[in-house]
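Asks: dropping the sequence and predicted coords here.
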Amino acid sequence: MLHSLTSKIDRILNFEQASAHCDIPCKIYDPSGAQVAALSVIRFIDLINELHNKDNLSLADHAQLARLVREKEIHAKKVKDEIVVIWGDYFKQPQFEAFPDASELVHNILLTGSLCKQHISRDKAVVLLNLVNDFAEMFWATKGIDIYIATCPYPPSESVVYPKLA
């Protein structure tokens, strides 16, 4: 009955339609997106440094540099976004009680992600990956899932925390 009444009012007044995204807790959270983004930041910095080592940059090299810097910054932001979603949507009182330093770790990830956007320091990017790995280790512990550390099978060949699923 209420729907019928509002539909009639809508037909008369012709309300503008609105749409919105809701945060339905799907319970599908995984830090691997942040880890891959952090690895990408390192890789883009490596590629930027390869260009830097050239004696002369062609026009194509300059264009490549612009693309690499843009992608580095996009991926540094993606690290931040992925971590904030897990921290904000998944972490609740039980996780904060088990890991009281979680918020400080997230804050450090966000600050380091910003540094990676501002600089082309490989060392800063490796710190970002290590912080994200610490977060991944903490995340998997909240789920009772063991982890292992392995070198990723692609450049930049850095150590990554993986869940032991089998």
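Replies: Looks like it came in fine.
Asks: so Ala37 is in contact with Glu82, correct?
Replies: Yes - here Ala37 reaches Glu82: they are 6.6 Å apart, a contact under CB atoms under 8 Å. Heads up, the C-betas are built off the backbone N, CA and C, glycines and all.
Asks: quick check: buried residues in the longest helix seen in the chain?
Replies: The helix that spans the most residues within the chain, counting by DSSP state H, is helix 59-85. Across helix 59-85, burial judged by 16 or more other CB atoms under 10 Å covers Gln64, Leu68, Lys72, Glu73, His75, Ala76, Lys77, Lys78, Val79, Lys80, Glu82, Ile83.
Asks: on the pLDDT front, check Leu39 for me.
Replies: The model reports Leu39 with a pLDDT of 98.
Asks: no, scratch that, I was asking about Ala20
Replies: pLDDT recorded at Ala20 is 39.
Asks: which residues touch the closest residue to Lys72 other than its chain neighbours?
Replies: Excluding its sequence neighbours, the residue lying closest to Lys72 (CB to CB, 6 or more residues apart in numbering) is Phe44, at 3.9 Å. Phe44 is in contact with Leu68, Val69, Glu71, Lys72, His75, counting by CB atoms under 8 Å, 6 or more residues apart in numbering.
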